[in-house]
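J.: sequence plus the predicted model coming up.
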Amino acid sequence: SISGLVMLLMKNAGNPVKVMEYAHRIGMACQEILTTVDQILDMSRIETTETKLAEEEFGLGLMLEEISAIISSLAKAQDQKYVFTARGIEHDIVLGDKGRIMEMLRGVLSNAVKFTPPGGRVELTVSGVPDEKDGTVALIFEVRDTGIGMEKEHVQKYFRDDIPETAESELGRGTGIWLTRRLVSMMGGSISCQSLPGEGTIIWIRLKLRMVNSGAVDFWKKHGIHRMLVVNNNLQEAARIRNLMEAAGVDAASISSGYGTVKMVESAGVAENEYDLILLDEGLQDMDWRDVVTNVRRMSWIRMPHIFLMSSRHIHDEERMGAGVSQILSKPFYVSALHRLVEQVCEVSGEGMDDSDDDDHSMTGLRFLAAEDNTINADMLKDLLEVSGARCEIAGNGRAALAMFSNSKPGFYDVILMDLQMPVMDGYAAATAIRALDREDAKTVPIIAMTANTYEEDLNRTFEAGMDAHITKPIDIRTIMNQVRRVRGK
């Protein structure tokens, strides 16, 4: 139990190794409890027909990377190998309920880790077949493990439509699978399973999602991406990326040679028709990628392009910046990942691309009012903000936040961070009350919701209460920075 682990941690406070071990195990236990509670709440929502599916634009590839990071960590803790493979989803910006899809995949993958012994293997393979005629992509998510497997009768029990009779005693598997089945059904998809005792389990989830024109021309033009050069030894992959970008209205070319790249960049400079972005694969055969970058950076007389390095390994910022690379684009290639990196390094200025190097200073001098009833979360939030150069005052509930804002001078607070679930007065009521105050800054001060929920109905309530944006817990400082810049229009 968690209480037992806490007792062991306290008794071994002088042993750093034991402290880390018990802290990790406590974290894992807490995560299991949260997962179980979420499953029960979701079952209740679905049974009372409160659940509405969102239709939001999101990057499938980035979502899968996010899930894989979580599952890889879980598998590593259990001494298992986790493998993620994706095929046919380069054009990955789609419409759908991202939160629910993540929930389904996390549940199935967590089960795979839970029921696979140390030394085992868990795999996620995602295949996509785009249909250009109707603008959809048919997706197959395959989760395969080498775990304990299931008897035929258990497969039949867990994959029937009604709640398993043993759900209360088997929340770890039965209820999670039932929930996944219902969500898949709500999305118009299907789920199937193959399993044998001692040989592992394979689960297939099939969904069809609508593709978004990821390459809306306005996006690339606003960020100054007019011409792009794709440098890749794999001609098929290079052509695929080039075609995606050309379909998005970008003048794209591709080449497989490092020496050829240097000549093309030089020729473009002579013609005063320089490339805005070079997508450089690290696996060239004729020239090391570092030498390619060095030769391009020596052309001081041209308008310098941004260079993104495509790599399947982790490259530290010191190595990246030392080599003159703007960003690392992790393999496999996703349009959504390229979108994100372009947004990070470019400012929207109508024309041209400018490095955004002021992230570390964007919070300096800002004064925050943070409404958070959990003292641990409040202290952490205050520390994160103050380390970033901001100032922060904490209110323990919504009523306290309302009083602090009401008693402050107009314009005193630059941003309000509002937890939604608090005693005395919740975040919805507090935000509504602040907006109703008879003072000018009450109408304009940015209010950002802090919530663990990403369901459409919950987020709609925040906007109805007058909040400008939301941040999903757990909170990290980069997310706060991005949202603050967005709501303040900077």
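T.: Structure received. Numbering: from 1, shown residues only.

J.: what is the neighbour count of the closest residue to residue 429 other than its chain neighbours?
T.: Of all residues not flanking residue 429 in the chain, residue 398 sits nearest, at 5.8 Å (CB to CB, 6 or more residues apart in numbering). To be clear about C-beta, it is placed using only N, CA and C from the backbone, and glycine gets the same treatment. Using other CB atoms under 10 Å, residue 398 has 27 other residues around it.

J.: and residue 398, how close does it get to residue 430?
T.: 3 Å (CB to CB, to the nearest Å).

J.: any common contacting residues for those two?
T.: 371, 418, 422 (CB atoms under 8 Å, 6 or more residues apart in numbering).

J.: low-confidence ranges in the chain?
T.: 1, 28, 31-51, 160-176, 213-217, 346-362, 453-456, 474, 489-490 (pLDDT under 70).

J.: so what does the closest residue to residue 332 other than its chain neighbours look like in phi/psi?
T.: What sits nearest to residue 332 in space, not counting adjacent residues and going by CB to CB, 6+ apart, is residue 86, at 5.4 Å. Taking degrees, to the nearest 10, you get phi -130, psi 140 for the backbone angles of residue 86.

J.: and residue 86, bridged to which residues?
T.: residue 126 (DSSP bridges).

J.: wait, isn't it in contact with residue 64?
T.: Yes - Residue 86 is within contact range of residue 64, at 6.5 Å (criterion: CB atoms under 8 Å).

J.: list residues touching both of those two?
T.: Here residue 86 and residue 64 have residue 126 as joint contacts, going by CB under 8 Å, 6+ apart.

J.: ok, the spatially closest residue to residue 225 that is not a sequence neighbour - how many residues close by?
T.: The shortest distance from residue 225 to any non-neighbouring residue, by CB to CB, 6+ apart, is to residue 276 (5.1 Å). Neighbour count for residue 276, taken as other CB under 10 Å: 22.

J.: got the contact list for stretch 200-210?
T.: For stretch 200-210, using CB under 8 Å, 6+ apart, the contacting residues are 60, 94-96, 101, 104-105, 108, 112, 115-116, 120, 135-150, 180, 184, 187-195.

J.: need the buried ones from those selected in ChimeraX.
T.: Those of the contacts of stretch 200-210 that count as buried under 16 or more other CB atoms under 10 Å are selected in ChimeraX with:
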select :60,94,95,96,101,104,105,108,112,115,116,120,136,137,139,140,141,143,144,145,146,147,148,149,150,180,184,187,189,191,193,195
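
J.: filter the contacts of stretch 200-210 down to the ones in helices?
T.: 60, 101, 104, 105, 108, 112, 180, 184 (DSSP state H).

J.: just to revisit the earlier point, may I have the phi/psi pair for the residue nearest to residue 429?
T.: According to degrees, to the nearest 10, residue 398 has phi -60, psi -40.

J.: residue at max distance from the center of the chain?
T.: residue 270 (40.9 Å; CA atoms, centre = their mean).

J.: wait, the residue nearest to residue 429 sits on residue 421?
T.: No - using CB under 8 Å, residue 398 makes no contact with residue 421, being 10.0 Å away.

J.: what sits in contact with each of these two?
T.: residue 427.

J.: rewinding a little: which of the ones in helices among the contacts of stretch 200-210 sits closest to residue 412?
T.: residue 101 (41.8 Å; CB to CB).

J.: contact partners for that closest one?
T.: By CB under 8 Å, 6+ apart, the neighbours of residue 101 are 63, 187, 207.

J.: looking at the residues you listed, which is nearest residue 240?
T.: Checking those one by one against residue 240 (CB to CB), the nearest turns out to be residue 63, at 20.6 Å.

J.: from residue 219, how far off is that closest one?
T.: 19 Å.

J.: who's more crowded, those two?
T.: Using other CB under 10 Å as the criterion, residue 63 and residue 219 rank with residue 63 on top: 20 against 17.

J.: could you give me the buried positions within the helix or strand containing that one?
T.: Assigned by DSSP states H and E, residue 63 belongs to helix 60-77. With burial defined by 16+ other CB under 10 Å, the residues of helix 60-77 counted as buried are 60, 61, 62, 63, 64, 65, 67, 68, 71, 72, 74, 75.

J.: mind checking the SS state of the closest residue in space to residue 230 that isn't next to it in sequence?
T.: Nearest residue to residue 230, sequence neighbours excluded (CB to CB, 6+ apart): residue 254, at 4.2 Å. Here residue 254 is strand, with the state taken from DSSP: H, G, I helix; E, B strand; the rest coil.

J.: what number of residues lie near residue 254?
T.: 19.

J.: what sits against it?
T.: Here residue 254 is in contact with 229, 230, 231, 232, 235, 238, 239, 241, 242 (CB under 8 Å, 6+ apart).

J.: I'd like to know how far it sits from residue 279.
T.: 9 Å.
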